[in-house]
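**Q** let's see this in three dimensions:
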Amino acid sequence: MKVGVMALNVLKNLIKGPATIRYPYQPAKVTPVTRGHLVINIENCIFCGLCRMHCPADAIEVNKQERTWQLNQFQCIICGNCVSYCPKDCLSIKQTYLPPSASATYVTITGPEPETKENP
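**A** Prediction:
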């Protein structure tokens, strides 16, 4: 009995074709709930580290002295926690996928130097 059911399932799958899309050769469908990848607007960042503190995957590193922001894209789970805690709204989730990679990808972004005001 079980062999017959399994054979029927195999035949259905052979006729119906693959159940998954051929990413990256065919682009993935984008829906309102699609999780893509994390994007930062570094010009607005104050390097406060709230995104790092609230990241459940420990994927973000912030260095205030060197004014760098780093994301480990293999560790990031695209939960949006960092986006909701950012006081300057410089983080967002873009609803597109990055190309596939076989090794860990780190995105390091250096912010602009802070402006110094001279006293006349």
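
**Q** the longest helix in this protein is where?
**A** Longest helix of the chain, by residue count under DSSP state H: helix 2-16.

**Q** hmm, who's touching it?
**A** residue 19 (CB atoms under 8 Å, 6 or more residues apart in numbering). In short, each C-beta sits where N, CA and C put it, glycine included.

**Q** then stretch 63-77?
**A** 37-38, 40, 42, 45, 47-49, 55-62, 98, 101, 104-114.

**Q** mind running it again at 10 Å?
**A** The contact list for stretch 63-77 (CB atoms under 10 Å, 6 or more residues apart in numbering) reads 35, 37-40, 42, 45-49, 51-52, 55-62, 82, 90-91, 98, 101, 103-114.

**Q** again, but for stretch 19-38
**A** Under CB under 10 Å, 6+ apart, the answer for stretch 19-38 is 13, 51, 55, 59-60, 71, 73, 76-80, 82-83, 91-100, 107.

**Q** run the chain-centre distance for that stretch.
**A** 13 Å (CA atoms, centre = their mean, to the nearest Å).

**Q** where does the prediction get shaky in the chain?
**A** Low-confidence segments of the chain, defined by pLDDT under 70: 1, 23, 114-120.

**Q** now do the strands in it.
**A** 37-40, 60-63, 68-72, 91-94, 106-110 (DSSP state E).
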